[in-house]
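# Build the 3D model from these lines:
(chains A and B)
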Amino acid sequence: MRTTRRLLDAVAIVVAAVTVFPIYWMVLAAVKPPGEIQSLDQRPWTLAPSLDAFRRVISVDDFGRYFLNSVAVALVVVAASGLLAFLAAVALTRFRFRFRTTVLVLFLIAQMVPIEALTIPLFFLVRDLGTTVPGVGLNTLGSLMLVHTAFTLPFAIWMLRGFVAAIPDELDEAAQLDGAGRFTILWRILFPLVAPGLAATSVFSFITAWNDFLFARTFIISATDRQTLPMALLVFFKPDQNDWGAIMAASSLMTVPVLIFFLLVRRRLVAGLGGAVKD
Amino acid sequence: MTTVATAPPRRRRGLTPLWLLLPTAVVLGVLFVYPMWQLGLLSVLDFRQAQVSGGQPTRFLGAENYTRLFGDPRFWSVLTATVAFAAACVAATLAVGAGLAVLLTRISRVPRLLLSLAAMAAWAVPSVSGSTVWMFLFDTDLGLVNQVLGLDGYNWMYDRYTAFALVGAVVVWHSFPFVMVTLYAGIEAIPRSVLEAAAIDGSGAWRTFWRIMVPILRPLIAIVVIQSIIWDFKVFTQIYVMTRGGGIAGQNLTLNVWAYQQAFASGEYGLGAAIGVVMMLILLVVTLLYLRTLRRSGEPL
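Here you go, the predicted model:
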């Protein structure tokens, strides 16, 4: 028994190492001096770490701006989608009304819709919206915020539902007896209690918006200063010779913040996911 | 409706849930329902670059985009590739995810923590940067893999199957953590006594997995399978980035990428929309299966 366990432990550690290896390789390549990147004899370590690639990425290619663009889009999406999902989740768990089940099923189906197929009509919608509403047309960050808010909503609602349902009904009934209005119950009682669930939901919304390549590629056609990270990263792919140092530095800049964030809220995330999957 | 009968007495008047749902309804109506309608509409129109920017009149075509599509051998080859690629990815993701979930239950604390942290890390990596680092690892000259294996100058992207395999590996790397974490949580929820009873009766790990865990976890496994199908059927970023938009002569196109290329690269918006509709119908069937499974497992909605 003990030797089996030792063996399985070893297997697990090897699998873990293989799984993280690409991430390690990315960060390593980002800090390798250019000579070692171009080498035909790649080593899994470096004795002369340099920030050269990061410097190149940030100063020459204005990567800082794309980073801020990505942050802005992701934060607005998290806030907007969290708020709307909270209200909808309360409606779907605290009230019984006709078509409630239908609405729930619709949200479930909405999660399955191939969003990629919708890029074609959305492209025209955004183009037309832009002529009447400034700030959401093509080449604006607003367009990205808008579509991501919409596409993260169904999952966020589905996930938050479990968290709202977990708050005992008696709590808002007691508050109501004490004379609290609907608005007070919503913001003073339910909202603070759902906050942990909102945190878990936010991670998913954040990552969806942060990772998005498709819409950034489609909507931001000519305004390079409005690009977000995923598109900006592809600039370093050259037909003749890829600048791998810069690509890996840019990839690291895009990955590491999410990675840290993700690992920090790991437990909460798993609990939230379990809630969404199980109920 | 039975839900009405069993609902606790409510003093609140009926309008409130509508107000709470209104913002969501507006956002989803404009950005979800309307575009879906538009997608269907575009797919029956002659809508190309000439109509978009050249001011040419839009013509109603009826099913012509579809007949063109179904008559195109390319469509069938892309469809086959999409289904095969998704099936391979789903099978690999499930095998790896389920295997590691079982492994997690049988190891010591520290390796367990390491493995779940590693999986979480892979999960968190954005698909674009995940794709770029794998491209670097498998680069023709500077890639670690070629250097270690001594495959100097071998380009993994030239061959259709190795290119698909490489993209598939990245997809699995990104998606096995979800399966692993979900199934591990499920296995942990199985009462200890059940598994102990099986062990006492002399059931090995393999047998316990198939005869006890799988039947108990059936609803959870159904959810994981369907989610994986839906995700892997729609893989876009990895293919688009790694094969530069569909591979050499479009050998690595899937429906998703093809629809996109037809619309935005070739200006065939109507045809692209028709491909989109076909995709949506396929996924709708999968979704209906999902809903049926949920209902069977006694899911109270």
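
# After the longest helix anywhere in chain A, which helix or strand is next?
Longest helix of chain A, by residue count under DSSP state H: helix A:63-94. Remark: after helix A:63-94, the chain's next helix or strand is helix A:100-112, criterion DSSP states H and E.

# Just the CA trace of the next helix or strand after that next one, in PDB.
Remark: after helix A:100-112, the chain's next helix or strand is helix A:115-132, criterion DSSP H and E. Presented in PDB, the C-alpha positions along helix A:115-132 are these (Å, rounded to 0.1, in the frame of the first residue of the first chain):
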ATOM      1  CA  ILE A 115     -20.900  33.500 -29.800                       C
ATOM      2  CA  GLU A 116     -18.400  33.300 -32.700                       C
ATOM      3  CA  ALA A 117     -21.200  32.800 -35.100                       C
ATOM      4  CA  LEU A 118     -22.800  36.000 -33.800                       C
ATOM      5  CA  THR A 119     -19.700  38.100 -34.600                       C
ATOM      6  CA  ILE A 120     -21.100  38.700 -38.100                       C
ATOM      7  CA  PRO A 121     -24.400  40.300 -37.200                       C
ATOM      8  CA  LEU A 122     -22.700  41.900 -34.100                       C
ATOM      9  CA  PHE A 123     -20.200  43.600 -36.400                       C
ATOM     10  CA  PHE A 124     -23.000  45.400 -38.300                       C
ATOM     11  CA  LEU A 125     -24.900  46.100 -35.100                       C
ATOM     12  CA  VAL A 126     -21.900  47.800 -33.500                       C
ATOM     13  CA  ARG A 127     -21.100  49.600 -36.700                       C
ATOM     14  CA  ASP A 128     -24.700  51.000 -36.800                       C
ATOM     15  CA  LEU A 129     -24.800  51.700 -33.100                       C
ATOM     16  CA  GLY A 130     -21.700  53.800 -33.500                       C
ATOM     17  CA  THR A 131     -23.400  56.200 -35.800                       C
ATOM     18  CA  THR A 132     -26.100  57.100 -33.200                       C
END
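
# just checking, what packs against helix A:115-132?
Helix A:115-132 sits against helix A:141-165, helix A:214-219, helix B:34-42, helix B:255-260, helix B:269-296, with contacts defined as 3 or more CB pairs under 8 Å, 6 or more residues apart in numbering or on different chains; DSSP states H and E. (C-beta placed from N, C-alpha, C; glycine too.)

# what is the orientation angle of it with helix B:269-296?
Interaxial angle, helix A:115-132 versus helix B:269-296 (axes from the mean of the first three to the mean of the last three CA atoms, to 10 degrees): 120 degrees.

# The residue in the stretch 101-250 of chain A positioned nearest to chain B - nearest residue in space that isn't next to it in sequence?
Chain B sits closest to residue A:117 of the stretch 101-250 of chain A, with a gap of 3.1 Å, by CB to the nearest CB. Using CB to CB, 6 or more residues apart in numbering or on different chains and skipping residues adjacent in sequence, the residue nearest residue A:117 is residue B:276, 3.1 Å away.

# In CSV: the helices and strands packed on helix A:115-132, plus distance to residue A:201.
Shown next, in CSV, are those (distance: least, CB to CB, whole Å):
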stretch, distance to residue A:201
helix A:141-165, 5
helix A:214-219, 20
helix B:34-42, 24
helix B:255-260, 26
helix B:269-296, 21
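
# would you turn those helices into TSV with mean pLDDT, mean neighbour count and distance to residue A:229?
Formatted as TSV, the helices and strands packed on helix A:115-132 follow (pLDDT from 0 to 100; neighbours: other CB atoms under 10 Å in any protein chain shown; distance: least, CB to CB, whole Å):
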stretch	mean pLDDT	mean neighbour count	distance to residue A:229
helix A:141-165	89	24	12
helix A:214-219	89	23	8
helix B:34-42	91	18	25
helix B:255-260	91	25	20
helix B:269-296	85	19	26
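
# one step back: for the residue nearest to residue A:117, give its distance to residue B:226.
Computed as CB to CB, to the nearest Å, the residue B:276 to residue B:226 distance reads 21 Å.

# Over to residue B:75?
Counting by CB to CB, the separation of residue B:75 from residue B:226 is 25 Å.

# who touches stretch A:241-253?
Residues outside stretch A:241-253 that contact it (CB atoms under 8 Å, 6 or more residues apart in numbering or on different chains): A:26-27, A:29-30, A:32, A:34, A:37, A:52-54, A:56-57, A:61, A:63, A:67, A:229, A:232-233, A:236-237, B:128-129, B:132-133, B:136, B:139, B:142.

# Tell me the confidence at the most centrally placed residue in chain B?
For chain B, the residue nearest the mean C-alpha position is residue B:231 (0.7 Å; CA atoms, centre = their mean). At residue B:231, the predicted lDDT confidence score is 86.

# isn't it right up against residue B:174?
No: judged on CB atoms under 8 Å, residue B:231 makes no contact with residue B:174 at a distance of 9.0 Å.

# I'd like to know how many residues surround residue A:22.
Look at residue A:22: counted by other CB atoms under 10 Å in any protein chain shown, it has 21 neighbours.

# repeat for the one 4 residues further on
Burial measure for residue A:26: 25 neighbouring residues, criterion other CB under 10 Å.

# What's the separation between it and chain B?
As judged by CB to the nearest CB, to the nearest Å, residue A:26 and chain B stand 4 Å apart.

# among the contacts of stretch A:241-253, which are in helices?
Residues of these located in helices (DSSP H): A:26-27, A:29-30, A:34, A:37, A:52-54, A:63, A:67, A:229, A:232-233, B:128-129, B:132-133, B:136.

# Produce a PyMOL select command limited to the buried residues of those residues.
Of the ones in helices among the contacts of stretch A:241-253, the buried ones go into a single PyMOL selection, burial set by 16 or more other CB atoms under 10 Å in any protein chain shown:
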select buried, (chain A and resi 26+27+29+30+37+52+53+54+63+67+229+232+233) or (chain B and resi 128+129+132+133+136)
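
# picking that back up, correct me if wrong: the residue nearest to residue A:117 contacts residue A:122.
No: contact between residue B:276 and residue A:122 fails when scored by CB under 8 Å: they sit 11.0 Å apart.

# for residue B:152, helix, strand, or coil?
When classified by DSSP: H, G, I helix; E, B strand; the rest coil, residue B:152 comes out as coil.

# who's in contact with it?
Residue B:152 neighbours (CB under 8 Å, 6+ apart): B:141, B:146.

# Likewise for residue B:105?
Counted by CB under 8 Å, 6+ apart, residue B:105 has contacts B:184, B:187, B:188.

# Could you do residue B:66 as well?
Applying CB under 8 Å, 6+ apart, we find residue B:66 in contact with B:43, B:274.

# From residue B:235, how far out is it?
Taken as CB to CB, the span from residue B:66 to residue B:235 is 24 Å.
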